[in-house]
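>>> next come a sequence and a model predicted from it.
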Amino acid sequence: MGVVNVTPDSFSDGGEYLDPRRAIAHAEELVREGADMLDVGGESTRPGAAAVDAEEERRRVVPVLDGLVGVGVPISIDTSKSAVAEAALDAGASWVNDVSALRGDPELAALCAERRTGVVLMHMLGDPRTMQEDPRYEDVVDDVRRFLAERIEAAMAAGIDEERIWVDPGIGFGKTVEHNLELLRRLGELRELDRPILVGTSRKRFIGQITGREVGERLGGTIASNVLAVANGADGVRVHDVAAARDALRTAEAVLGGGG
Ligand code: HH2
């Protein structure tokens with residue numbers, strides 16, 4: 001899944017693709033690099049990010065989605081707001097990637113059910129403004145698994161088909177470095193949920209804390225965490241640098257599975 005951030009303030013590429021033409025060209029490049037899917041977002045969820053109203057978020061993403069009709073891969077809208085999701089679905093998106101796991105807007109689950117979208121349910125402790133203030137868990141993997149099981153139930157109760165649901169442990173969303181590492185190490189335990197797993201480590205702060213690297217220099221750490229996430233049970237990775245991730249995963253899969 002290739003990331004397309006149409007924001008002024010995303011943590012790694014804020015402002016680079018706020019111009020729709022640049023965002024569209026970038027998205028097309030990610031598809032050429034081998035993205036199986038694109039994730040378009042108009043609101044940063046980095047720790048401490050300012051909230052964006054639905055109208056502004058819609059204004060950012062819709063022209064980009066309009067320009068991506070026919071791009072050849074499914075597009076997800078990275079939002080927690082039903083008004084944004086609805087406009088994005090009307091403009092051609094077919095998935096909703098919600099970092100609040102359908103807790104943020106009471107109307108979003110019904111919209112996803114009615115429009116039969118794919119849905120990514122992600123774990124987050126607290127909200128982006130507060131999530132990095134001393135996050136604590138009994139056992140981070142058990143807590144995340146229980147949360148995701150409950151959100152799968154809630155999504156299905158709202159009429160979303162089970163087979164359209166993916167889950168995501170929410171690396172960096174209310175987690176210390178050790179929590180992130182524990183989740184990646186024990187990712188296989190989330191397979192008990194019986195849903196495909198998406199993992200997003202790309203350029204994130206825990207990699208900077210391990211390597212001492214600035215945000216633009218975290219590709220090596222991103223690749224290592226992607227490869228290990230897939231080896232440990234992830235079905236997809238959400239990345240900014242598609243070509244490098246694709247090569248790394250192809251190679252890792254060839255080694256692990258004996259294929260080419
Ligand atoms: N991470 C980010 C945003 N959305 N969605 C899922 N499902 N999983 C993730 O790990 C995830 C996500 C944060 O990364 P990015 O979009 O690059 O930054 P920002 O939120 O600052 O725009």
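In hand now; what should we look at?
>>> next, the closest residue to Leu18 other than its chain neighbours: secondary structure please.
Nearest residue to Leu18, sequence neighbours excluded (C-beta to C-beta, 6 or more residues apart in numbering): Pro8, at 5.5 Å. In short, each C-beta sits where N, CA and C put it, glycine included. Three-state assignment for Pro8 (DSSP: H, G, I helix; E, B strand; the rest coil): coil.
>>> ok, now which ones touch the residue nearest to Arg185 when sequence neighbours are not counted?
Nearest residue to Arg185, sequence neighbours excluded (C-beta to C-beta, 6+ apart): Asn232, at 7.1 Å. By C-beta atoms under 8 Å, 6 or more residues apart in numbering, the contact set of Asn232 is 184-188.
>>> mind doing that once more with 7 Å?
Applying C-beta atoms under 7 Å, 6 or more residues apart in numbering, we find Asn232 in contact with 184, 187-188.
>>> Arg213 too?
207, 221.
>>> check Ile207 too.
Applying C-beta under 7 Å, 6+ apart, the residues contacting Ile207 are 201, 213, 218, 221-222, 225.
>>> so what's the gap between stretch 189-201 and the chain middle?
12 Å (C-alpha atoms, centre = their mean, to the nearest Å).
>>> which residues does it contact?
Contacts of stretch 189-201 (C-beta under 7 Å, 6+ apart): 1, 120, 141, 145, 148-149, 152, 165-169, 171, 187, 207, 222, 225-226, 229, 233-238.
>>> number of nearby residues for Arg185?
Per other C-beta atoms under 10 Å, the neighbour tally for Arg185 reads 13.
>>> how about the helices in this protein?
With DSSP state H as the criterion, the chain has helices at 20-32, 54-67, 82-90, 108-115, 140-157, 177-185, 205-211, 219-231, 242-257.
>>> what's the pLDDT at the closest residue to Met124 other than its chain neighbours?
In space, and not counting its chain neighbours, Met124 is closest to Phe173: 3.8 Å by C-beta to C-beta, 6+ apart. What the model reports for Phe173 is a pLDDT of 96.
>>> Phe173 contacts Met131, correct?
Yes: counting by C-beta atoms under 7 Å, Met131 is a contact partner of Phe173 at 5.7 Å.
>>> about what we covered before: what about the residue nearest to Arg185, distance to Val144?
Per C-beta to C-beta, to the nearest Å, Asn232 is found 14 Å from Val144.
>>> what's the burial count for the closest residue to Arg115 other than its chain neighbours?
Among residues not flanking Arg115 along the chain, Leu89 sits closest, at 5.2 Å (C-beta to C-beta, 6+ apart). For Leu89, the count of nearby residues is 21 (other C-beta under 10 Å).
>>> how close does Leu89 sit to the ligand?
17 Å (C-beta to the nearest ligand atom, to the nearest Å).
>>> check what pLDDT that residue gets.
We have a pLDDT of 98 for Leu89.
>>> again, but for Asp134
For Asp134, the predicted pLDDT is 87.
>>> look up the closest residue to Ser100, ignoring the ones flanking it.
In space, Ser100 is closest to Ser80, 4.3 Å off (C-beta to C-beta, 6+ apart).
>>> next one: Asp105
Sequence neighbours aside, Ser82 is the residue nearest to Asp105 in space, at 4.8 Å (criterion: C-beta to C-beta, 6+ apart).
>>> same deal with His123?
Gly170 (4.0 Å).
>>> just checking, that neighbour touches Val120?
No: between Gly170 and Val120 there is no contact under C-beta under 7 Å: 10.2 Å.
>>> rewinding a little: quick one: the residue nearest to Arg185 from Leu38, how far?
Asn232 is 25 Å from Leu38, by C-beta to C-beta.
>>> what of Leu65?
10 Å.
>>> joint contacts of these two?
Ile75.
>>> and Val119, what is it in contact with?
96, 112, 155, 160, 164-165.
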